[in-house]
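Asks: task: produce atomic coordinates for the following.
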Amino acid sequence: MKQFTAPVVISNGRMTALEKVSLNSKSYSEDWIQDICFRSPNLLPVEELEPAFAGMIPICRELSTESGSIDLVYVNESGFITIGECKLWRNPEARRKVVGQILDYAKDMAKWDYSKFEKECLKARKERGKSLFQIVEELYPEAEEATFIDNLQINLNKGRFLLTIIGDGIRTNMEELTNFIHRNGNLNFTLGLIELPIYRNPDNDELIVTPRVLAKTKEIERVVYRFADKSIEEETEIEEVNSRTISETVFFERLQNSVGKAVTDTFKLFIGELSSELHIISKLGRGKKLSINLKSMNDSYNFASIREDGEVWFYGIVSKTEEIGSRQIGIDYLKKLAVIVNGEYYDKYKQWFWCVKKSGKYIQLKNYMKYSSEWKSLISQTMDEIRKLEEEE
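Replies: As a prediction, this is how the structure comes out:
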């Protein structure tokens, strides 16, 4: 989605239109963009691209590889690596080269083990006396060193990277970009195009940065390359059960570790049925623990949130049906589902969190999968009631 008008600041009833800052001037260089992205990693909306990479910690700038120096390198406490390449689009050559550059950097890094990655990062960071994990531990004291090292090594082995191209206005033809990615890569990566429009407040010369993702799954065909077996899978829609972003793949890996392969496979079949028969979308949730939300096609009603540890939570079904005039629809859904899974309807906290529990605890997915047919019928019935009410408005 493109933004065509400048933001407006409203203060004491007075409106001030912000002025677009041109990054083609000498005052703003690629180094300047690198600096603000390194010092403020939250500027990059990575959760929109891959929730598994959230919580980025800036590790170093100008990391040396065989193919050149990577502008920005981040990791998070779960060992996921984000690579950032900053570009100002002052000439067509820069536009042609940047995608090839970042793919080459990722290929080089995928050859490294943890020790090599740590050594090169600390060298680029120019800071002695700290290990890579100690840098992470400063922000995440509860992180476990062995788990962090193992996870990062796995991500290196599999080439699981989030590649971000950060610029002042990415105008590369999307079809050409897709074709280029098809021809280049043996990695399991996600590529994100991030624009950093910058505006100036004429009243006080403050700069306002408004980052946005230019290319999402529905806007550019995404390609996943499996490093181990060289097989290629194409993705078009994030909601499709057979399409997997890195974060979705990680979710199902963690879910399988928590509840076992049989329950995980049954759940995959279940969401496939919901998708094909009821047009329910399975949407990846954000947060420290990954989750899959079972949502209506219009993204308004959440029928359950299955967390990576196998617990089934609920967010907002009562509140959202209340918005269309009948919170009783949401209450009835939870009460009937509680009966199906031999649980209890729970409304002891804020309405948004009303849910199904048993003995005060969330119920595991395996118990829901025993009654998958009944659950699917209840979702269908509830959707019919919602549609009828919406049509009456």
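
Asks: residue 56 - nearest residue in space that isn't next to it in sequence?
Replies: residue 74 (3.9 Å; Cβ to Cβ, 6 or more residues apart in numbering). C-beta here means a position set from N, CA and C on the backbone, and glycine is covered the same way.

Asks: what about that neighbour, how many neighbours?
Replies: 23 (other Cβ atoms under 10 Å).

Asks: likewise residue 366?
Replies: Around residue 366 there are 17 residues (other Cβ under 10 Å).

Asks: tell me the secondary structure at the closest residue to it other than its chain neighbours.
Replies: Excluding the flanking residues, the one nearest residue 366 by Cβ to Cβ, 6+ apart is residue 263, at 4.6 Å. Classification of residue 263 by DSSP: H, G, I helix; E, B strand; the rest coil places it in helix.

Asks: what are the ranges of the strands in the stretch 101-250 of the chain?
Replies: Using DSSP state E, counting those that start in this stretch, the strands of the stretch 101-250 of the chain run over residues 161-167, 189-195, 198-200, 207-209, 212-215, 222-225, 232-235.

Asks: need those strands in CSV with mean neighbour count, mean pLDDT and distance to residue 118, can you?
Replies: Formatted as CSV, the strands of the stretch 101-250 of the chain follow (neighbours: other Cβ atoms under 10 Å; pLDDT from 0 to 100; distance: least, Cβ to Cβ, whole Å):
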stretch, mean neighbour count, mean pLDDT, distance to residue 118
strand 161-167, 25, 89, 16
strand 189-195, 23, 85, 21
strand 198-200, 18, 86, 34
strand 207-209, 13, 85, 31
strand 212-215, 18, 74, 30
strand 222-225, 19, 42, 25
strand 232-235, 13, 38, 31
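
Asks: need those in TSV with distance to residue 386, can you?
Replies: Output for the strands of the stretch 101-250 of the chain, formatted as TSV (distance: least, Cβ to Cβ, whole Å):
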stretch	distance to residue 386
strand 161-167	36
strand 189-195	33
strand 198-200	41
strand 207-209	40
strand 212-215	30
strand 222-225	32
strand 232-235	30
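
Asks: pLDDT below threshold where in the stretch 251-393 of the chain?
Replies: By pLDDT under 70, the low-scoring segments of the stretch 251-393 of the chain are 393.

Asks: one step back: for the host helix or strand of the residue nearest to residue 56, which outside residues touch it?
Replies: Residue 74 is part of strand 68-75 when elements are defined by DSSP states H and E. By Cβ atoms under 8 Å, 6 or more residues apart in numbering, the surrounding residues in contact with strand 68-75 are 30, 34, 37-38, 41, 56-63, 81-86, 101, 104-105, 109, 121, 124, 132, 136, 152, 166.

Asks: pretty sure residue 347 is touching residue 338, no?
Replies: No. Assessed by Cβ atoms under 8 Å, residue 347 is found out of contact with residue 338, at 10.8 Å.

Asks: what are the ranges of the helices in the stretch 51-200 of the chain?
Replies: Listed in chain order, the helices found in the stretch 51-200 of the chain under DSSP state H, counting those that start in this stretch are 92-109, 114-125, 132-139, 145-158, 174-183.

Asks: buried ones in the fourth one?
Replies: The reference is to helix 145-158. By 16 or more other Cβ atoms under 10 Å, the buried positions in helix 145-158 come out as 148-149, 151-153, 155-156, 158.

Asks: over to the third one?
Replies: When burial is assessed from 16+ other Cβ under 10 Å, helix 132-139 yields the following buried residues: 132-133, 135-137.

Asks: let me see the mean pLDDT of that helix.
Replies: Mean pLDDT, helix 132-139: 96.

Asks: angle of that helix against helix 114-125?
Replies: 70 degrees (axes from the mean of the first three to the mean of the last three Cα atoms, to 10 degrees).

Asks: contacts for helix 132-139, please.
Replies: By Cβ under 8 Å, 6+ apart, helix 132-139 touches 57, 59, 75-77, 117-118, 121-122, 125, 143, 145, 148-149.

Asks: from those residues, keep the buried residues only.
Replies: 57, 59, 75-77, 117-118, 121-122, 125, 143, 148-149.

Asks: from the residues you listed, which is closest to residue 309?
Replies: residue 77 (16.7 Å; Cβ to Cβ).

Asks: distance of the closest one from residue 53?
Replies: Look at residue 77 and residue 53: by Cβ to Cβ, to the nearest Å, they are 11 Å apart.

Asks: ok, residue 43 next?
Replies: Distance from residue 43 to residue 53, by Cβ to Cβ: 14 Å.

Asks: the two: who's more crowded?
Replies: The residue with more neighbours, out of residue 43 and residue 53, is residue 53; 27 against 17, by other Cβ under 10 Å.

Asks: now name the helix or strand holding residue 303.
Replies: Residue 303 belongs to strand 302-307, assigned by DSSP H and E.

Asks: quick one: distance of that strand to the chain centre.
Replies: In terms of Cα atoms, centre = their mean, to the nearest Å, the centre of strand 302-307 is found 17 Å from the chain centre.

Asks: pull out the buried positions in it.
Replies: Neighbour-count burial for strand 302-307 [16+ other Cβ under 10 Å]: 302-307.

Asks: on the three-state scheme, residue 257 is what?
Replies: helix.

Asks: tell me the contacts of it?
Replies: For residue 257, counting by Cβ under 8 Å, 6+ apart, there are no contacting residues.

Asks: what's the distance between it and residue 87?
Replies: Applying Cβ to Cβ to residue 257 and residue 87 gives a distance of 39 Å.

Asks: what's near enough to touch residue 148?
Replies: 77-79, 133, 136.

Asks: so which of the residues you listed is the closest to residue 293?
Replies: Checking these one by one against residue 293 (Cβ to Cβ), the nearest turns out to be residue 78, at 20.0 Å.
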